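1. Build me a structure from this.
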Amino acid sequence: IDTTTVTKEDLKFSVPYRLSSLRDDFCHALVAFFDVKFTQCHKKVSFNTSPASRPTHWKQTVLYLDEALPFEIGHTITGTLACRPSASNPRDLDIAVKYDFEGTHGQHSAVLRYRLR
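-> Have a look, this model is predicted:
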């Protein structure tokens, strides 16, 4: 999102995702984070809030699943993440995560809703 031209409508979005497992383990949650670049100022500033990046005062958002998913190496989870300002408080975000997972031990699908304050 370009912060110099962003409109209220731009703050409502839906994006697809596809994540693959790098090891055998259980998936309990998805983690959301962001990158930001402030390029229209005297000194350009950028940072990344990824769990793999240098820590900042910003943290990641953990979106817990309704059940643990038994991943094996190479298994994938696909879906969409939708985000919009809350109708009851525009400073809050309403987030919906749809996921589909098919693993060795069965398949799981759900739409989960969260409010980020």
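2. residues contacting the spatially most central residue of the chain?
-> Centroid-nearest residue in the chain, with Cα atoms, centre = their mean: residue 32, separated by 3.2 Å. Under the criterion of Cβ atoms under 8 Å, 6 or more residues apart in numbering, the contact partners of residue 32 comprise 60, 61, 63, 81, 95. Bear in mind the C-beta positions are built from the backbone N, C-alpha and C, glycine included.
3. just residue 69 next, same as before
-> Contacts for residue 69 were tallied using Cβ under 8 Å, 6+ apart; they are 26, 27, 77, 101, 103, 108.
4. Nearest spatial neighbour of it, chain-adjacent residues omitted?
-> Taking Cβ to Cβ, 6 or more residues apart in numbering as the measure, residue 69 lies nearest to residue 27, with 4.4 Å between them; neighbours along the chain are not counted.
5. now the farthest one out in this protein, which residue is it?
-> Residue farthest from the centre of the chain, counting by Cα atoms, centre = their mean, is residue 42 at 30.8 Å.
6. Just the strands from the protein, written as ranges.
-> If DSSP state E is used as the criterion, the strands of the chain fall at 13-20, 25-32, 35-38, 45-48, 61-71, 76-85, 93-103, 106-116.
7. Nearest approach to residue 5 belongs to which of these?
-> Closest to residue 5 of the strands of the chain is strand 35-38 (Cβ to Cβ; 14.1 Å).
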